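A.B. asks: Would you be able to build a 3D model of this:
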Amino acid sequence: MSDRYLRGSVNLIPEAPVASIRDLAVEAERLGFQRCWVYDEGLATRELYVTLTAIVGATEKLEVGPGITNPYTRHPAQTASAIATLDELSGGRAFMGLGAGGSLTLDPLALERTRPLETVGRTIEACRALFAGEVVNMDAPTFSLRKAQLGWARPDLPIWLAGRGPRMLDLGGASADGVMLDFIYKPSLGDYVDRVRAGAARTGNEVSICYSTMVVTDDAALEAVRPHMTYRLIDSPEPVRAALGITDANVASIRAALADGLVAAAHYVPDEWVLPFVIAGSVTECAAELERLADQHGLDEFLLPIFDVKDGASLLEVTARVLDGP
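C.D. replies: Predicted coordinates for the structure are as follows:
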C-alpha cells in the first residue's frame, strides 16, 4: 500500500439542468471528493458561473472552479472578477482552471484560437496581478487592460492550466499552481509529466499534477466513454496513432461519421483503442493501477469526468471505492 495521498475530484459537464449538476456535486462531496471542476463550453452547456454558484450554495467543503475556461469567450479580467466573487461567496473554496479552448466552444461563436500559448500565458499573468490587487496595464494578442484593478480578491487564488502541447505543458509547470492532464495515452504519461516538471524546474515553481480519465469497471462505463474517444483519437499525436495501429483511413472514417454525432462515430472505435487511455478492470484492479500511476509519476489528484448525468452517481460511488485503494 502506497503512502501517497491522491486527492479525488470530479469534472461535471453541464449539459443537463443546473439542478441535476448541483445534485451530483453534492453527492461527490458526500463521497469524499474534494474538488469540483465544471466545463465551460459556451453554447454547448449551461452557463458556467450560474452552475458554479448553485454548487457553492449546496456544498460546504467542495472546492469549485471552471474546468476549464478560456481567454477567448470571456475577457480575462471578467473571468478574474467572476472567480474572485465565487471565492468570496464560498468562503475561499474557488480555483481557476484555464486552457486555450477547443472547437466545441469557439466555433459557434466564430472565434479563432489566436496565438494560444502567448494568450494563455498573458492571461495567467493578468489574473495573478488582479488577484494580488495590482493595477494592470497589458496588451495581449486578444485582450487589453488599462488601469484594471480588483481590490478584494484573495492573492493566492489557485490557477490550474490544462493542455497537451509541449510548450503549453512547460508554461503550466513554469507559472501555474497545477496542471491537469486529460485522457493521456498511458504509455506516454511520463513524457507529459516530465515536460511539466521541466517547466517548474526552470522557474523554481512548485506545481501539482492532476490526471483525468474515465474509470471503467463494467461494459456500461466503457460504452459511456467510447463516443468521447472519437475526437481524442483523431487528434492524438502520430506516434500514438501508430502505436495503436490507427491508419489514415481509420481517421477518415471517424471524421466522416462525426457528422452524424459522437455515438455514430463511436462504432469505428474498438476496445483496444479505448483501454490504453482509461483505468479499467475490477474495482481492485483499477485501484492498483491508479496507485501505480500515482507513485510512478508523482500525481497529486485524480479527476473523474462525468459524461452522462444519469450514470453519474453510480460512477462516483465506484470511483470513490477505487480511490480508497486496493
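A.B. asks: residue ranges of the strands in the stretch 151-300 of the chain, please?
C.D. replies: Under the criterion DSSP state E, counting those that start in this stretch, the stretch 151-300 of the chain contains strands at 159-162, 178-182, 208-212, 215-216, 279-280.
A.B. asks: From the contact counts, what lies against the first one?
C.D. replies: Okay, so that is strand 159-162. Counting contacts by 3 or more CB pairs under 8 Å, 6 or more residues apart in numbering; DSSP states H and E, strand 159-162 packs against strand 96-98, helix 116-131, helix 166-175, strand 178-182. For every residue, glycine as well, the C-beta is placed using N, CA and C.
A.B. asks: Would you give the sheet partners of the last one, along with the direction of each?
C.D. replies: Looking at strand 178-182 with DSSP bridges, its partner strands are strand 159-162 (parallel), strand 208-212 (parallel).
A.B. asks: And the first one, how far out from the chain middle?
C.D. replies: For strand 159-162, the separation from the chain centroid amounts to 8 Å (computed by CA atoms, centre = their mean, to the nearest Å).
A.B. asks: Identify all contacting residues around it.
C.D. replies: By CB atoms under 8 Å, 6 or more residues apart in numbering, the list of residues contacting strand 159-162 from outside reads 65, 67-68, 95-99, 120, 124, 127-128, 168, 171-172, 175-182, 210.
A.B. asks: Save the helices and strands packed on strand 159-162 as TSV, and put in distance to Ala84 and mean pLDDT too.
C.D. replies: Shown next, in TSV, are the helices and strands packed on strand 159-162 (distance: least, CB to CB, whole Å; pLDDT from 0 to 100):
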stretch	distance to Ala84	mean pLDDT
strand 96-98	9	98
helix 116-131	7	98
helix 166-175	19	98
strand 178-182	18	98
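A.B. asks: Kindly present these as TSV, with separate columns for mean neighbour count and distance to Asn250.
C.D. replies: Shown next, in TSV, are the helices and strands packed on strand 159-162 (neighbours: other CB atoms under 10 Å; distance: least, CB to CB, whole Å):
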stretch	mean neighbour count	distance to Asn250
strand 96-98	28	32
helix 116-131	21	27
helix 166-175	21	25
strand 178-182	23	22
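A.B. asks: okay if I get those as CSV plus distance to Gly281?
C.D. replies: Formatted as CSV, the helices and strands packed on strand 159-162 follow (distance: least, CB to CB, whole Å):
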stretch, distance to Gly281
strand 96-98, 29
helix 116-131, 36
helix 166-175, 28
strand 178-182, 21
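A.B. asks: before we move on, back to that, and the strands of the stretch 151-300 of the chain as CSV, adding distance to Val56?
C.D. replies: Listed next are those as CSV, based on distance: least, CB to CB, whole Å:
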stretch, distance to Val56
strand 159-162, 18
strand 178-182, 20
strand 208-212, 20
strand 215-216, 26
strand 279-280, 29
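A.B. asks: closest to Ala259 out of these?
C.D. replies: Minimum separation from Ala259 across the strands of the stretch 151-300 of the chain (CB to CB) falls at strand 178-182, 24.4 Å.
A.B. asks: can you list the domain ranges for this structure.
C.D. replies: Here the domain assignment for the chain is 7-218+277-323, 219-276, based on automatic domain parsing.
A.B. asks: now the first one, how far from the centre of its chain.
C.D. replies: The reference is to domain 7-218+277-323. 4 Å.
A.B. asks: got the end-to-end distance for that domain?
C.D. replies: Across its full length, domain 7-218+277-323 reaches 8 Å end to end, with CA to CA, to the nearest Å as the criterion.
A.B. asks: can you list the residues that contact stretch 45-59?
C.D. replies: 12-19, 21-23, 25-26, 29, 36, 38-40, 62, 64-66, 69, 82, 86, 89-90, 93.
A.B. asks: For these, which PyMOL command selects only the ones that are buried?
C.D. replies: Selection of the buried residues among these in PyMOL, burial being defined by 16 or more other CB atoms under 10 Å:
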select buried, resi 12+13+14+16+18+21+22+23+25+26+29+36+38+39+40+62+64+65+66+69+82+86+90+93
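A.B. asks: I'd like to know which of the contacts of stretch 45-59 are part of helices.
C.D. replies: Counting by DSSP state H, the part of the contacts of stretch 45-59 found in helices is 18-19, 21-23, 25-26, 29, 82, 86, 89-90.
A.B. asks: Residue ranges in this structure under the pLDDT threshold?
C.D. replies: 1-4 (pLDDT under 70).
A.B. asks: that older thread, kindly present the ones in helices among the contacts of stretch 45-59 as TSV, with separate columns for distance to Asp191.
C.D. replies: Below are those laid out as TSV (distance: CB to CB, whole Å):
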residue	distance to Asp191
Val18	38
Ala19	41
Ile21	34
Arg22	38
Asp23	38
Ala25	33
Val26	37
Glu29	34
Ala82	34
Leu86	34
Leu89	39
Ser90	36
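A.B. asks: Farthest-apart pair in those, please.
C.D. replies: Asp23 and Ala82 (22.7 Å).
A.B. asks: Buried deepest among the domains of the chain, which one?
C.D. replies: Scoring the domains of the chain by mean neighbour count under mean count of other CB atoms under 10 Å gives domain 7-218+277-323 as the most buried, with a mean of 19.
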